[in-house]
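Q: Sequence first, predicted model second:
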Amino acid sequence: MSAREVLQSWKEISAYLGRDIRTCCRWEANLGLPVHRLNGSPKARVLAYKDEIDRWLEMKLHEREVVKPDFGSVLKRWPVVAVFTAVLVVAVLGWRSLNNGGRPRYLPAGGHPLLAVLPFANGTGDPGLDYLCESIPDHLIGDLQRDDDRMTVFSYDVITEAVGKLGLEPGKLLTPNDLAALASRTGAGWFLVGYVAKSGSKLRIDYALREAKAQDALKTDHVPGTELEMPVMEERVADAVRRVFGVPVASRPKALLACSIEATRFYETARALDCKYILSPSPKNLDKIIWLFDQARQADPGCALAYLGLGDAYQNRFAYEGGDPEALQLMKENYERAYGMDPDRAETNVGMAWVPYFDGDIDRTYAFLKRALELDPNSLHVLADIGGFLASIGVMERSTEYFSRVIRAGGATADMHLLRGKGYEHMGLYESALADLDKVIELEPGDANALCYRARTLILLKKYEAAAADLAMAETLEPENLHVDVVRALLAAARGEKKAALEAIEPVRAAGRPGRYTYYLSRIYAALGMKDEAIGNIETAIDKGFDDVQNYLYSYPYFNNTRDYFYDTLRGEPRFNELQRREEQKYTDRLEKYYGL
């Protein structure tokens, strides 16, 4: 067997990875880059094995998950990830735990089951209770995903999309053959199926835990109670599942202030529509969502959930519908009201984080998110929002780790893969980015914007023909999408076709928005030899882009990505180097200041 190839210094390690030494040190500290020290002390001489680094690049950065969810979603700007995560996890994440009691009935082989909680069936005959078919499993998923180190629980939209793509109807009882097909499509090894029935004057949750390959249920049981007691009933079901798999039952964060039955019905109906809005933004649907949340507020002025929902909805309006200042103000008022009612909840702290963010006060945003993480460190809602915040301020290594935690815990939505993929691309990890974007297209083949992002990554990898094929598909799907035009311009610039590139970006240039498509424009100008225009575009985006797109643009990891050949003409230019130096200082300051995330 040949000797292992050794890299014997930080200089050799950085050369092998194509990054400067400081970046490699950060990767060791934040991403687990395998570096060895001869005597174990921090100041000792370092070495690394090429095969270990190759495996780290493959396993850590490509994140080849063992789960195979199939569902649809679309990208939104990350500040609205707080709304998306309402699809990912429910706002009410549990109540006080019950006694663990007894020994586990069964410990699954491998100790890390992949569980799918299916939409429940409504057998009560009361259409007013249809909302429980979605809300109960969503609440159960949010609770069980807290044990992501012991089990993987698919997010609700993952399962409903898989059910829909198999031609099955969510909320209907499934046959063993249906479950086998669903297991094949998602990779789930276990299913929790449920049925809401009436038992006299009370309701009853009947449920069964089934192994995908077995006909008989591993556990069946029922939990009685009233509609108002549904949170406690859901908790009992979740803890029963934990006991089956030998997962300890731990105390949960305290519940949000209880809402009346009428308010809960309005709230859950609004959330169901909100999920659909995220997939396909529609002003008409958003109007209805806001109306329903407002009805919940009127039905129960003490329901903090209603105010959180309104804050999320108005943030959607601000983000998707032209940056309306009135929507931003209403977002702030509702988040503040929810926080004032229950300041010790992770969800209300997440909501409050966006109040100062849009004013440019990232210190206060950090403080609220850090508090949310302390209150509920296992909440996918919290983890996703922190990842979004860190991405917005350019701390890409940490942000991708948070997105990865969400994905590994069962929240493998197209949004999470796309957000993580964009972070990898910013750092120059194009192969990892492409793996995530391939997953997005697999899950959402009809998303024109996702095709555009993958085409951009393919261009950066100099795979021009493959990029052109993605662009052709995106244009077929959405002929009027400006994103298609700017990617086409980038491709033309990469091929040296100056006239075609400049013509394609004319609509974007005419709009005069400093943050919109700046990553395309500056690359195109640089590739075409228009150095002053490229650097001027970058300077303007840094200075004014936040007001346009609510993101801090051109962070140091982006500047430090020497694989981005579009900027080769700018490297060495004094103005460009000065911008890079300033952003490096900002980046270093933020790493130190926001170390708690």
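A: Right, received. Where do you want to start?
Q: Where does the prediction get shaky in the protein?
A: Low-confidence segments of the chain, defined by pLDDT under 70: 1-4, 38-44, 58-111, 215, 252-258, 275-281.
Q: Please enumerate the strands of it.
A: When assigned using DSSP state E, the strands of the chain occupy the ranges 6-7, 36-37, 46-49, 114-117, 121-122, 152-153, 190-199, 202-211, 217-225.
Q: helices or strands up against the second one?
A: So the one you mean is strand 36-37. Contacts of strand 36-37 with other secondary structure elements, assessed using 3 or more CB pairs under 8 Å, 6 or more residues apart in numbering; DSSP states H and E, are made with strand 46-49. Backbone N, C-alpha and C define where each C-beta goes, glycine included.
Q: In PDB, list the C-alpha atoms belonging to the strand it packs on.
A: These are the backbone C-alpha positions of strand 46-49, laid out as PDB (Å, rounded to 0.1, in the frame of the first residue of the first chain):
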ATOM      1  CA  VAL A  46       0.500  21.200  11.900                       C
ATOM      2  CA  LEU A  47       0.000  18.500   9.300                       C
ATOM      3  CA  ALA A  48      -2.900  17.100   7.300                       C
ATOM      4  CA  TYR A  49      -3.500  14.100   5.200                       C
END
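Q: Check which residues of that strand are buried.
A: Along strand 46-49, the positions that meet the burial threshold by neighbour count (16 or more other CB atoms under 10 Å) are 46-48.
Q: now do stretch 224-236
A: Going through stretch 224-236 with 16+ other CB under 10 Å, the ones that come out buried are 225, 227, 230-231, 233-236.
Q: Tell me the one among those residues nearest to Leu471.
A: Ranked by distance to Leu471 (CB to CB), the buried residues of stretch 224-236 are led by Glu234 at 46.2 Å.
Q: Would you agree the closest one is in contact with Ile136?
A: Yes. Under the criterion of CB atoms under 8 Å, Glu234 makes contact with Ile136 at 6.0 Å.
Q: Identify the contacts common to the two.
A: Ile205 (CB atoms under 8 Å, 6 or more residues apart in numbering).
Q: show me the residues around Leu597 that make contact.
A: With CB under 8 Å, 6+ apart as the criterion, the residues that contact Leu597 are 366, 369-370, 373, 386, 389-390, 398.
Q: Just give the nearest non-adjacent residue to Val486, would you?
A: Nearest in space to Val486, with sequence neighbours left out and distances taken as CB to CB, 6 or more residues apart in numbering, is Tyr520 at 4.2 Å.
Q: ok, now which ones touch the one you found?
A: In this structure, Tyr520 makes contact with 456, 486-487, 489-490, 505, 508, judged by CB under 8 Å, 6+ apart.
Q: circling back to that earlier point, out of the contacts of Leu597, list just those in helices.
A: Residues from the contacts of Leu597 lying in helices, with DSSP state H as the criterion: 366, 369-370, 373, 386, 389-390, 398.
Q: Could you dump those into TSV and include neighbour count and distance to Ile542?
A: Shown next, in TSV, are the ones in helices among the contacts of Leu597 (neighbours: other CB atoms under 10 Å; distance: CB to CB, whole Å):
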residue	neighbour count	distance to Ile542
Tyr366	22	20
Leu369	27	24
Lys370	17	26
Leu373	21	29
Ile386	28	24
Phe389	28	19
Leu390	25	18
Arg398	23	21
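Q: Just name the closest of those to Ala250, please.
A: When the ones in helices among the contacts of Leu597 are compared for distance to Ala250, the smallest value, 17.1 Å, is given by Leu373; criterion: CB to CB.
Q: Just give the nearest non-adjacent residue to that closest one, would you?
A: Beyond its immediate neighbours in the sequence, the residue positioned closest to Leu373 (CB to CB, 6+ apart) is Val382, lying 5.7 Å away.
Q: what about the one you found, how many neighbours?
A: Here the neighbour count serves as a burial measure; for Val382 (other CB atoms under 10 Å) it reads 28.
Q: That one and Lys531: what is the separation?
A: Computed as CB to CB, to the nearest Å, the Val382 to Lys531 distance reads 43 Å.
Q: residue contacts, Pro377?
A: Shown here is Pro377, which makes no contacts under the criterion CB under 8 Å, 6+ apart.
Q: how about it, phi and psi?
A: Main-chain dihedrals, Pro377, degrees, to the nearest 10: phi -70, psi -10.
Q: how close does it sit to Ala238?
A: As defined by CB to CB, Pro377 lies at a distance of 18 Å from Ala238.
Q: Same check on Leu460?
A: Separation of Leu460 from Ala238 (CB to CB): 44 Å.
Q: Those two - which one has more neighbours?
A: Neighbour comparison, Leu460 and Ala238: the larger count goes to Ala238, with 26 against 22 (by other CB under 10 Å).
Q: how near is the closest residue in space to the more buried one that isn't next to it in sequence to Asn285?
A: With sequence-adjacent residues excluded and distances taken as CB to CB, 6+ apart, Ala238 is closest to Asp143, at 4.3 Å. Distance of Asp143 to Asn285, given as CB to CB: 28 Å.
Q: With that, I have no additional questions.
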